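Peer 1: sequence unknown, structure follows:
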């Protein structure tokens, strides 16, 4: 089922593109840093039989406006809330991965009645308590050669065996049409995330998912989140990396569907 696109207005007037597909209770799917809704291509279909799936192009990506202004994960959460307001949705399930998980934390903290069930994937609490990627990964991602960075991202997203056996989806490697200023703002937003001191305020029932072999965001962050969020459950998935939700499909999608239905 093709997604229908619409637009909402953020508090500052920025036009925010969103996509809706499927039917049933609303489920918001939030992508990683510097990515648009295509991050979820081939996965959102797993939820559409039982949910009205909603994706958002972050400001600076996809069909949304691209202002040259600073961004933050609380600001992205406000943008998601603006989309939900536009759609007339008072409460939704939210599944955020990577930077989308950071954004989802703030949505659940700042507007607790709006998030029924919360799924946080391959993400971290941010701040001094988070465990960051190692220096080798940081150096590899900072290379000047875009092709080399692309190869690094593929290795961080998928296991070698998966890459050898599949034409691994490139939809998680970033929005190629992003401007340089938008990429800088997204990086600063993700790096600046720190919800540690307020995670205890989350009242949504929460499932934390993480690939055990994730070097982009080390898996120990899943346990930190689960310990900090009241009654959260963590599942660390053997053999999977940052794009665990693609490589581990359909089993991972079934985990999420079961959690949302419980």
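Peer 2: Ah, there it is. As the structure is a prediction and not an experimental result, all values here were calculated from the model. Numbering: from 1, shown residues only.
Peer 1: starting at the chain centroid, how far to the biggest helix by length in the chain?
Peer 2: Longest helix of the chain, by residue count under DSSP state H: helix 73-87. Helix 73-87 sits 14 Å away from the centroid of its parent chain (Cα atoms, centre = their mean, to the nearest Å).
Peer 1: what's the first-to-last distance across stretch 54-62?
Peer 2: The first residue of stretch 54-62 is 15 Å away from its last residue (Cα to Cα, to the nearest Å).
Peer 1: how far off centre is it?
Peer 2: 11 Å.
Peer 1: going forward, the N-terminal residue is numbered 16.
Peer 2: Sure thing, new numbering starts at 16, so read that last one as stretch 69-77.
Peer 1: quick one: mean pLDDT for it?
Peer 2: Taken as a whole, stretch 69-77 has an average pLDDT of 98.
Peer 1: again, but for stretch 229-238
Peer 2: On average, stretch 229-238 scores 98.
Peer 1: kindly report the same for stretch 147-163.
Peer 2: Averaged over stretch 147-163, pLDDT sits at 92.
Peer 1: same question, stretch 246-257
Peer 2: The average pLDDT within stretch 246-257 is 97.
Peer 1: and stretch 91-107, by the same measure?
Peer 2: Rounded mean pLDDT across stretch 91-107 is 98.
Peer 1: who's in contact with residue 135?
Peer 2: Residue 135 sits next to 111, 116, 119, 120, 221, 222, 223, 224, 240 when contact means Cβ atoms under 8 Å, 6 or more residues apart in numbering. Quick note: C-beta positions are derived from backbone N, CA and C, even for glycine.
Peer 1: how close does residue 216 sit to residue 105?
Peer 2: 19 Å (Cβ to Cβ, to the nearest Å).
Peer 1: more neighbours, the two?
Peer 2: Neighbour totals were compared for residue 216 and residue 105, and residue 216 leads with 14 against 11 (other Cβ atoms under 10 Å).
Peer 1: go ahead and confirm the more buried one touches residue 130.
Peer 2: No. Between residue 216 and residue 130 there is no contact under Cβ atoms under 8 Å: 11.6 Å.
Peer 1: shouldn't residue 210 be in contact with residue 123?
Peer 2: No. At 9.4 Å, residue 210 does not count as touching residue 123 under the criterion of Cβ under 8 Å.
Peer 1: more neighbours: which of the two?
Peer 2: Ranked by neighbour count (other Cβ under 10 Å), residue 210 and residue 123 place residue 123 first, with 28 against 24.
Peer 1: kindly confirm my reading that that one is in a strand.
Peer 2: No. The assignment for residue 123, made by DSSP: H, G, I helix; E, B strand; the rest coil, is helix rather than a strand.
Peer 1: quick one: the residue nearest to residue 91 when sequence neighbours are not counted from residue 43, how far?
Peer 2: The shortest distance from residue 91 to any non-neighbouring residue, by Cβ to Cβ, 6 or more residues apart in numbering, is to residue 118 (4.3 Å). Separation of residue 118 from residue 43 (Cβ to Cβ): 10 Å.
Peer 1: okay, now residue 269: neighbour count?
Peer 2: If you count neighbours by other Cβ under 10 Å, residue 269 ends up with 12.
Peer 1: does it belong to a helix, a strand or coil?
Peer 2: helix.
Peer 1: for residue 259, which non-adjacent residue is spatially closest?
Peer 2: Spatial nearest neighbour of residue 259, chain neighbours left out: residue 226 (3.7 Å); criterion: Cβ to Cβ, 6+ apart.
Peer 1: SS state for residue 249?
Peer 2: Of the three states, residue 249 takes strand under three-state DSSP.
Peer 1: sorry, back to before: which one of residue 118 and residue 43 is surrounded by more residues?
Peer 2: Shown here are residue 118 and residue 43; by other Cβ under 10 Å, residue 118 has more neighbours (33 against 27).
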